[in-house]
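Asker: task: produce atomic coordinates for the following.
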Amino acid sequence: MERVIDGPNNIEMYNAASLKIFHLLKQPTKYMPLPEHKPSLPELVQDIVKKVKEKKQKLGKFMLRLAQRSYGLLNGFVLWEIVTMQGYENLGDALLKTGIVNIVDDKIAKETTKKFLQENTPKYKEHWHGQILKYKPDVVVCGGTFGAVCDTLGAEYYETSTGMKWFKDPELENCVYLRVWHPSAWRKPVCRIHDLLMIGAKEILSK
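Answerer: The predicted model follows:
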């Protein structure tokens, strides 16, 4: 397949955001309805948010989780109880202010194994790390990609008081990577995943 275009979901909104956020994920899946004429994640997200605002559809679970994380981080580390009170329009706008980047950008899969990720994260470094160096996010939320990314960058990680791992990009002093479960994770309560991310992010970014 063609390489998927990714990066900021809306470049103007991303640049104007109070906190610049990237979601660093594994690889496109067959459940992601990319535009046929051009496999573009920003175009997909913009189309989804447009239809949400027109009340033609709701945010699917995957995009909803990313939007909730985006909203929480952008609005003072809002916890689950508050973020779930937000309407789809507010959450959609929060998603547009962030970016999405996949480690592997030219292979679609149903799921990504840990071995595949470990083997391919270094191979695709020019792509995913190149996006980070180009757009200089303050925060990179690693949805299931933290270990492979940390190893590839040769970084030293630390832990928050809640046990969440994090590290700073060796080439971008003010760019922090946070470890969190993939948006599709079902093994732990979503509310707990969200709140631990917010509490940890607040602890790190408020220093």
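Asker: only C-alpha atoms for contact and neighbour calcs from this point on.
Answerer: Will do.
Asker: residue 8 is in contact with residue 98, correct?
Answerer: Yes - using C-alpha atoms under 8 Å as the test, residue 98 is close enough to residue 8 to be in contact (5.7 Å).
Asker: which residues do those two both contact?
Answerer: 14, 22 (C-alpha atoms under 8 Å, 6 or more residues apart in numbering).
Asker: out of these two, which sits in the busier spot?
Answerer: residue 98 (29 against 26; other C-alpha atoms under 10 Å).
Asker: need the pLDDT of that one.
Answerer: pLDDT recorded at residue 98 is 98.
Asker: gap between it and residue 138?
Answerer: Residue 98 sits 11 Å away from residue 138, going by C-alpha to C-alpha, to the nearest Å.
Asker: anything in contact with each of the two?
Answerer: Joint contacts of residue 98 and residue 138 (C-alpha under 8 Å, 6+ apart) are 20, 21.
Asker: can you tell me the helix or strand for residue 126?
Answerer: Assessed by DSSP states H and E, residue 126 sits inside helix 125-135.
Asker: next secondary structure after that helix?
Answerer: Assignment by DSSP H and E places the next element after helix 125-135 at strand 139-143.
Asker: residue 13 reaches residue 95, doesn't it?
Answerer: No - if you go by C-alpha under 8 Å, residue 13 and residue 95 don't touch, sitting 9.7 Å apart.
Asker: those two: who's more crowded?
Answerer: residue 95 (30 against 17).
Asker: from what I can see, the more buried one looks like it's in a helix, true?
Answerer: Yes - the assignment for residue 95 is a helix, going by DSSP: H, G, I helix; E, B strand; the rest coil.
Asker: give me the distance between it and residue 8.
Answerer: Applying C-alpha to C-alpha to residue 95 and residue 8 gives a distance of 10 Å.
Asker: tell me which helix or strand of the protein sits lowest on mean pLDDT?
Answerer: helix 114-123 (a mean of 91; mean pLDDT, DSSP states H and E).
Asker: can you list the weak-confidence ranges in this protein?
Answerer: 1, 30-32, 35-37, 108-111, 186-187, 207 (pLDDT under 70).
Asker: next up, the contacts around residue 203.
Answerer: Going by C-alpha under 8 Å, 6+ apart, the list of residues near residue 203 reads residue 160.
Asker: how about residue 149?
Answerer: Taking C-alpha under 8 Å, 6+ apart, one finds residue 121 in contact with residue 149.
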